[in-house]
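A.B. asks: have a look at this prediction, sequence included:
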Amino acid sequence: MINTPNAITAVRTVVAMALAVSAVARPSVALTAGAYVTYWAGDILDGFAARRLDQETRAGAVFDIVADRACTALCAAALLVLRPDVALPIAVFLAQFMVADCLLSLSFLRWPLLGPNYFGSVHRGVYRWNWSPAAKALNTGGVVGLALLAPSPWWATGLAAAVAVVKAASLVTVSRL
């Protein structure tokens, strides 16, 4: 299980979590932004390294999925310290990401796939709705971006709710396969 992509996952998780905990203890836009950038850039880099170095493993995919939840939880906490007014959209987002999306992401284990990025061979729609590059960006970056930039938290709440509906529909679809 020790390989370059998993080492990247471990490092990005430890650094992002340390930055986020620091941002919770001492509220800081810079620390919160650093935590999110480390998490997201590291998540892109570990996946790229896994594919480029031909080091993808099912255990590595599970490690990445679990690490994503740890980073997301602490980054969201840091964001809420700075912006308590976005508690509702962040709560809706966390409910779907920590539970529905986690279950959905781990569903690849039912098939002989290396990870969710290959779910298109099982169901193209579920892959497109959840793991295509656009879907991945919208799932977390879209909600966080709207929470920070929209004039009202209702925009981010609406997007988080829409994503939750997509996750629920995807879970129903996968359960029928």
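C.D. replies: Yes, it's here.

A.B. asks: ok, the most centrally placed residue in the chain - contacts?
C.D. replies: With distances taken as CA atoms, centre = their mean, residue 68 lies nearest the centre of the chain, 5.1 Å away. Taking CB atoms under 8 Å, 6 or more residues apart in numbering, we find residue 68 in contact with 39, 43. The C-beta positions use only the backbone N, C-alpha and C, and glycine is treated the same way.

A.B. asks: domain map for the protein?
C.D. replies: 1-82, 85-177 (automatic domain parsing).

A.B. asks: figure out how far the last one is from the centre of its chain.
C.D. replies: Relative to its parent chain, domain 85-177 has a centroid offset of 8 Å by CA atoms, centre = their mean, to the nearest Å.

A.B. asks: how about the first one?
C.D. replies: Relative to its parent chain, domain 1-82 has a centroid offset of 9 Å by CA atoms, centre = their mean.

A.B. asks: what's the end-to-end length of that domain?
C.D. replies: 37 Å (CA to CA, to the nearest Å).

A.B. asks: could I get the domains of the chain in JSON lines, plus columns for mean pLDDT?
C.D. replies: What follows is the domains of the chain, written out as JSON lines (pLDDT from 0 to 100):
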{"stretch": "domain 1-82", "mean pLDDT": "96"}
{"stretch": "domain 85-177", "mean pLDDT": "94"}
